[in-house]
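>>> can't give you the sequence, but here's the structure:
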């Protein structure tokens, strides 16, 4: 309850948070299943497999034929939804669930999804991965018309739009609502009769379709199907709406003009689990390809390849194989790190404590190492890791990065620092090399990255992926950016 | 968190709850203060003094000049708002608070007041004692128009009406909203600039105005002023709206046609604290008067007067003085009783465990006792207490009740069992006497009750109080009763 | 868990605690039952009835024929032992329990009783009400011999003495241990075969014997029998040891020289529940007698008699009847007060907040009142209450106290401030009258108190009660006082 | 608190636990520091680095010059000791700490270390990694002599022996106590003046000595020095006692006959963190050596080397390099797995849910894989993993194990199933191969393992390591095994 310091303004004092703060974060994972007698338990397992997409909170809603049931908790799926007593609160054969990393909206119980509203025709629960680029704009319009917002998250917008639609059938209201929003999103929702899913028109955020014993499943990634032994059927297509009717029949709707897909390239580089299949590609293999292409693009002479665990591992393996260098665990990761740790006194801070990563000196000492990481965001963590390698005796440190320089902010559901905090937005590669304190620094090229994904290169006229982080080429206009002062609507701070 | 059995379906098994279930309950106490540097702490103290009006949950919202802050907790004020660390989460010089006994809406954190919404002009927080007799009707209309309800309590209605008003100034929107609702209510609300209060047109639910060092206070009862040494100024009048402006100036608005006051007579009989002043009357003195009039109306020959503690105490003192009989503690009350206790096994249930009341045999044995209680609702507890007196050796038990027979349900904020559970609705006095197993049973007459309140008797043409519980004379029409099936709108059950 | 401020060094800042701190406190209530299928549930109910003897913690140990089970919790019995899930952790037909107000030993989970030890012959659990006057002396001896103390309470001494006895049979070891201790005590213990009870040679602390459906029960007071409908059999005699054997047979042992009983007179004045029977006397009736004798000893002219609730109520009723004055509730007590409340800021402290007691002005205003309380310890609370009466308009305040002036500390299980904090130890009655700010102040005389108990007066040669608080006449030598520096053995502070 | 199902008897139903249950577990990590102003914070960081040695509970004791302070919690160090508010409860410049996996003694708060006792000369706190092979024997003797045991862990024995020693100086009493115990142990303790450490005569359990800014540190592994940037000084020698005096001076005592060291070989194979240095060897490098020797001893034709993460990773890297085969992540580990997960219904159980490991099909499909794991205990998890590889399309599965077959139980602090549950104790290698369902199965040879450690091979006459798990060659007699029925002394089950 009382969390003194735990979620406090620890900023720079908080070593672990600081490290975490130097990574990209995606908002969410979503999951839904229709018709299974253990719907909530299955959903909990699915969310557990999607835990890497958001660790701050999770929630499940089920419908038992008469009532909706909801359990929403801050913390990990495994800590909150692993007990029979909780699952028993969620009876019914239809369930949807959500695991959350908050970008918009504070992390408070009020904001944990799925959200729920009673509409004229009955209840509607919905959860969401992504971000609406016109969410604040719509929100401001609706408030002006007298709508009440209680949560601060983006997802509430869809509830309101569905509620206010003049159409009659639920599904028409849902289409009506989707027609008004822009951005990157994957929705999973349910009424007392249906399970629905929807993916944005460019397929920026992922959503896949599977079946378990014939019961339809919607999930953010295939790994959520694998954990329960469900069969992967296909990806939900960009702009497609999936409706599972009361009878169990599945319907595919494509009410909007069809656009060429541009899935988020970062799903491959960082977000998706290595064993997931996205766009027909195995994520692990893509990352290995990246490592291999990196090795070709920026060859060097070194003794060992050292991954920054865990996210740099597949690219490092690929790099080592391509460069014919030994792959070694020069950095050990402590997986027991929680959210924060002791806010250090000055004397402890000066120790340069390493809660998450420690050097494996025997591997590093006296060696020329190639350090491979997935990305550089602020650069502060990278700099500390390089320093740690130096102190462990590394003779040379060559840094290789599995994505191009990140220079532009995202508005489609990825949590990034503001632009002036992005290292690559403010420094040249040489400046970064110097700042990080390495002998050499290289990023994979944009075309190299596309080649790792099996493309001949970036089709600049019609890019195959959403990649504005590197290119500034945003796939849609950003309505909210235009409306000035859009940021600070939420005035209520609640601790629960 | 896990509350196995605590809030479970313990019904008949749960002795303590059962006893509690045999009392009337009021929904809430409200409190607000404007301009005090310790606004939240003052509010917590005020709510503590109003704790008898609701023990299930409490909440406080404050505004610090820039942001609203909210803390809402299940449980007692003293357990949740007694720590500096909690009060420190509620900075600012304006605060409102609420202590709740739930009637409509499940007791879940989502429903704990004050509720909050962001309106076009800024935030609005509000809490409420009472019940809207057209709340469900409005709710259904608004949902049909696309409003989203997330809490299930009645208070959300006022949020929506304020949000949807076409007026510009907040205060006009508030008046607009109040103009649409009916029932018994006392609202205390706040925006980022104002503190507001409103009492229903008949003054059914109480609301008083006080000042602490010049800072205006709104509270359900005067005892909430006394605890902090605030000065009682006057009651908020029926139909009056109090607005405390940013400058601290107080404005009184009476936008609606003025009606003759009919405050709830049960505030005197049972709800208000004995030391409160309501309608210019000391509640303790009214209850003593009731006892004295009871003694005159139904004289008898007996040895001792025994109160059913704690609520029967003042009437028993008045009765004993008027009848010139000794007042004795023949029943001892255990104040440590929590909400529930062990769900007994059959063998324990047969013991007839008395968690809350026990007989003081030395006082009762061989005596003719006059048992005085405030009211009879279901009669199950009364019957047990009589049985306990018999087993402790009482030779005769004469039961005297400090209100007339309760025959009609309430729709203005009092929690009562359904009509067919009200003992007096289904039995004659002689049948009740036999059911309870007493030598004699008498209730105060309606005119006697009015006389105890200083009136010459009930003015049947224009009754001075709301007293439909005894008379069936409801002070307003009940819109929600007309709309069939109104009861089950809420479909979402949430445990938090 | 984290109780910032809750149990902190709030001292003078903490109004509620301060008020509580101005009462005497007894250490404990004990309970045990043998042979009942619901032994733990029965014990929880018995402890609930003994809750007034200690509210800080409670514990129950049961034996299921194979293993001992223990649950010990900080807080109220009703909050911790009311759920089936907890009681289910305590299977078996034998159980003992304890409710604790800590005097010696910090209130930490480690110290909550019953304590348990594995002896050579099996497990032994024991709990205790009272205080050993040679406990620290023995403790120091045993530590010198290599014993390890882990709890800091007095009860652990008996465990060690039983463990170290050279006798073979458990019961002989228990007698051996009891032979070495001095003070006031009531022990209830159990092995895997027996339930045992023991009362000190003077019967200072109470212990009674009852039966439920033939199953023997030991309890501190008769009210713990009444709650479960058990039959009161008799008091355990001073110096008597009760052994309930595996067969259910009860044996009475009196291995020590028999002494004349001197039960603690404070059990009548303050500790025992009014409905309990002690020494053949109804506690409520004794307190009424005290009030009546007070009225005779110190007659006066006044308008109303006002009790300080709850402990002053019976004496006030007796006083009012004897003085033929009206008994009125001039002070209202808020029973929802928890342990502490907001540590006030300076501005709040100056309000003189009254969390627990408030004046009922209508009763007091303009009146000459007789205030009746059970005792004066430090006098700080009394002084505040007098001030509150004055502010409510009392014209005269006459203070009548239901026990003689308390001048001497206790060493037999009553928690008292040090001698120089006892108001009556440092002031004359006139000085106290002035300090309290009352028109007159009177205490019952010692002989008057004895008469209230049915004695002709105090037999100074062979006093009938333990009454050193008033007289300085300690019933036994106090070994620990002799051994210098005895107080601070415990060095370990543990938060749990 | 209420942990329904969480720690229940879920055995086979609990997939995650079952997987965990199929690993060896060590009891504990220990840490101590003397003279540092942030002693408790430093200790928390040290324990965090030792978290892999025990995740069930942790505790820290500090001494502030006047009093001892203790905080002991169930759960992870990072979850319990990361907040300033907790660390602030542990003032002082001396602190010791412990992280625990329970083998003997139930995991209840009572048993969490450090344990504390008040001795004649003052307080003594101690914690311990290892197991006493004559612990129960001593315990039984001491109980017969009247000692009281309250915790059920082995560590309490040393407290009693120190308490009962006839010697005067604390350090002599400590030596006296150590002289009576046998087994594998590393103790870290503190009095109000000293920090002490002791390692068993064979050095079975590890203990190292470091310095931070000159302040001495004792810790189980060097990784606990690295996290705070402390300097590794040397290992505590087998049989050595380290005493840090009040002045900060360190003294080394070797009061017992010196024996040839035989450290536990499993520290290298499994327990120690890869970046720790033990016996002058880098643990990661030893594990890579094992993999390389495995590849030489059991050569084969295959496509990829797949580690069972995380423990099989270093050996797999070594194997892949030696065999010149690609190293690939064919199994993905979910690090968010908590202790348990939903106890599946029959329908879920049949899904064969994989909470911790999932197959990376793209790597495995159609391949001949070499699966490398650290050990086989029960074999149930291994079998499931092989099945998972098959289902992911592996054409051949060759299993390589980084230690010899485990055939004999441990009594020195490693938690193992009973002998008949050890797969290698009941099956031949061919039978195991068939049970696991693999094309080939090979374990490293004992001599191979010794070679991986830099030895020419096992010196069978005077073995360099404790390795009875493979050989049955126990380094000491096991007193407790002789005393029959030794197992079930503890009769008290306590839930806290």
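Okay, I see it. These numbers come from a predicted model, not from an experiment. Numbers count the residues shown, from 1 in each chain, chains lettered A, B, ... in the order given.

>>> contacts only, for the residue of chain A positioned farthest from its centre.
The C-alpha centroid of chain A is most remote from residue A:366, which lies 37.8 Å away (Cα atoms, centre = their mean). Counting by Cβ atoms under 8 Å, 6 or more residues apart in numbering or on different chains, residue A:366 makes contact with A:393, A:395. For glycine as for every other residue, the C-beta is placed from the backbone atoms N, C-alpha and C.

>>> report the secondary structure state of it.
Judged by DSSP: H, G, I helix; E, B strand; the rest coil, the three-state class of residue A:366 is coil.

>>> how close does it sit to residue D:274?
Distance, residue A:366 to residue D:274, using Cβ to Cβ, to the nearest Å: 19 Å.

>>> what are the contacting residues of stretch A:174-184?
Identification of contacts with stretch A:174-184 by Cβ under 8 Å, 6+ apart yields A:130-135, A:138, A:157-158, A:161-162, A:165-167, A:187, A:189, A:196, A:198, A:200, A:202, A:204-205, A:241, A:253, A:255-256, A:264, A:411-413, A:466, A:476-477, A:479.

>>> for chain C, see how far away the residue farthest from the centre of chain A is.
From residue A:366 over to chain C the distance is 48 Å, taken as Cβ to the nearest Cβ, to the nearest Å.

>>> longest single strand anywhere in chain A?
Longest strand of chain A, by residue count under DSSP state E: strand A:122-132.

>>> check which element follows it along the chain.
Next in sequence after strand A:122-132, counting helices and strands by DSSP states H and E, comes helix A:135-144.

>>> mind pulling up the pLDDT for residue A:318?
At residue A:318, the model reports a pLDDT of 98.

>>> excluding chain neighbours, what is closest to it?
Closest residue in space to residue A:318, ignoring its immediate chain neighbours: residue A:291 at 2.7 Å, by Cβ to Cβ, 6 or more residues apart in numbering or on different chains.

>>> which residues does the helix or strand containing that neighbour contact?
Per DSSP H and E: residue A:291 is located in helix A:283-297. For helix A:283-297, contacts defined as Cβ under 8 Å, 6+ apart pick out A:267-269, A:272-277, A:314-323, A:372, A:374, A:400-403, A:442, A:444-445, A:448-449, A:451-453, D:329, D:332, D:360, D:362-363.

>>> list the contacts of residue A:112.
Contact analysis of residue A:112 by Cβ under 8 Å, 6+ apart lists A:57, A:58, A:59, A:72, A:73, A:74, A:98, A:100.

>>> if you could redo that for residue A:255, that was the one I meant.
By Cβ under 8 Å, 6+ apart, the contact set of residue A:255 is A:175, A:178, A:179, A:241.

>>> near chain D, which residues of the stretch 301-450 of chain A show up?
Neighbours of chain D within the stretch 301-450 of chain A, by Cβ under 8 Å from any Cβ of the partner chain: A:310, A:313-314, A:317, A:321, A:326-329, A:332, A:334-338, A:340-345, A:347-348, A:351-355, A:358-363.

>>> make a PyMOL selection of the buried ones in the contacts of helix A:283-297.
In PyMOL, a selection of the buried entries from the contacts of helix A:283-297 looks like this (16 or more other Cβ atoms under 10 Å in any protein chain shown):
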select buried, (chain A and resi 267+268+269+272+273+274+275+276+277+314+315+316+317+318+319+320+321+322+323+372+374+400+401+402+403+442+444+445+448+449+451+452+453) or (chain D and resi 329+332+360+362+363)
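
>>> show me the contacts of helix A:283-297 that map onto strands.
Using DSSP E, the members of the contacts of helix A:283-297 that fall in strands are A:277, A:372, A:400, A:401, A:442, D:332.

>>> check those residues and tell me the two furthest apart.
With Cβ to Cβ as the measure, no two of those lie farther apart than A:277 and A:442, at 28.8 Å.

>>> show me which residues of the stretch 101-250 of chain A sit near chain D.
Listed as neighbours of chain D in the stretch 101-250 of chain A under the rule Cβ under 8 Å from any Cβ: A:212, A:223, A:226, A:227, A:228, A:229.

>>> let's go with 6 Å and repeat that
A:226, A:227, A:228, A:229 (Cβ under 6 Å from any Cβ of the partner chain).

>>> mind giving me the ChimeraX select for those residues, buried ones only?
Listed next is the ChimeraX selection for buried residues among these, using 16+ other Cβ under 10 Å:
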select /A:226,227,228
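
>>> check what pLDDT the residue of the stretch 151-300 of chain A found nearest chain B gets.
Closest contact between the stretch 151-300 of chain A and chain B, by Cβ to the nearest Cβ, is at residue A:164 (3.3 Å). According to the prediction, residue A:164 has pLDDT 92.
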